[in-house]
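> Quick one, what's the 3D model for this:
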Amino acid sequence: MTTLAQLRTTALSLPETVERGARPGPVTFTVHDREFASVDPDNRVRLHLPAAEADQVRAEHLTGETTATGVRVPLRDINGQQLNHWVRRAWLAHAPEPLAARVAATGTAAPGQVGDLPRAIGRPATRALAGAGISTLAQVADLTAAELAALHGVGPKAVRILREALAATGRTLRDG
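Below is the predicted model of the structure:
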């Protein structure tokens, strides 16, 4: 069963996302003041998707309902992987074009092919860093370990490898 916590993690991992509202009321996620996902008090996620994508979600989830701006599905009826995919698609549909293009390009980011980031950090960390606009060790050095770890896809192993790569060049992560 998917939860608000998973939705929150996914939505907030996307650049420039803002969360508004609090339980027991609705919780909304926006990018540049454009709503792309929300959860109502009845734990239904509303995804603001283009019509064709909303139809696809609706076809996959019989408990879903078409809305004027997309689709609404009970959180309990959508698995985590599907939620992650559709939240990202909704975000891409509402983010400003340059930001959406940068994040869309991260889908093809491969370890060892983004700036001078070490291959050993793996695909999830490479995509997370690329999605945040980080492609060099110099940019990594401007971050704290907590800021790195807050990026969805950057785990303890990736942080350790990045620290080692920075140390090899005489740099460290920013204190924080």
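> Only C-alpha atoms from now on, for both contacts and neighbour counts.
Fine.
> what distance separates the start and the end of stretch 65-82?
Using C-alpha to C-alpha, to the nearest Å, one end of stretch 65-82 lies 16 Å from the other.
> And the average pLDDT for that stretch is what?
What stretch 65-82 shows for mean pLDDT is 92.
> And stretch 158-173, by the same measure?
Averaging pLDDT along stretch 158-173 yields 95.
> Please point out which parts of it sit buried.
158-159, 161-163, 165-166, 171-173 (16 or more other C-alpha atoms under 10 Å).
> now stretch 104-122
Neighbour-count burial for stretch 104-122, counted by 16+ other C-alpha under 10 Å, picks out 106, 109-111, 114, 117-118, 121-122.
> Need the max-distance pair from the residues you listed.
Thr106 and Pro118 (15.9 Å; C-alpha to C-alpha).
> mind checking how far the least confident helix or strand in the chain by mean pLDDT is from the chain centre?
Every helix and strand of the chain was ranked by mean pLDDT, DSSP states H and E. The lowest is helix 97-105, at a mean of 83. Distance, stretch centre to chain centre, for helix 97-105: 12 Å (C-alpha atoms, centre = their mean, to the nearest Å).
> packing partners for that helix?
Helices and strands touching helix 97-105, by 3 or more C-alpha pairs under 8 Å, 6 or more residues apart in numbering; DSSP states H and E, are helix 80-94, helix 122-131.
> Pull out the buried positions in that helix.
Buried, per 16+ other C-alpha under 10 Å, within helix 97-105: 99-100, 103.
> Helix or strand: which one has the closest residue to Asp142 other than its chain neighbours?
Of all residues not flanking Asp142 in the chain, Arg174 sits nearest, at 5.6 Å (C-alpha to C-alpha, 6 or more residues apart in numbering). Per DSSP states H and E: Arg174 is located in neither a helix nor a strand.
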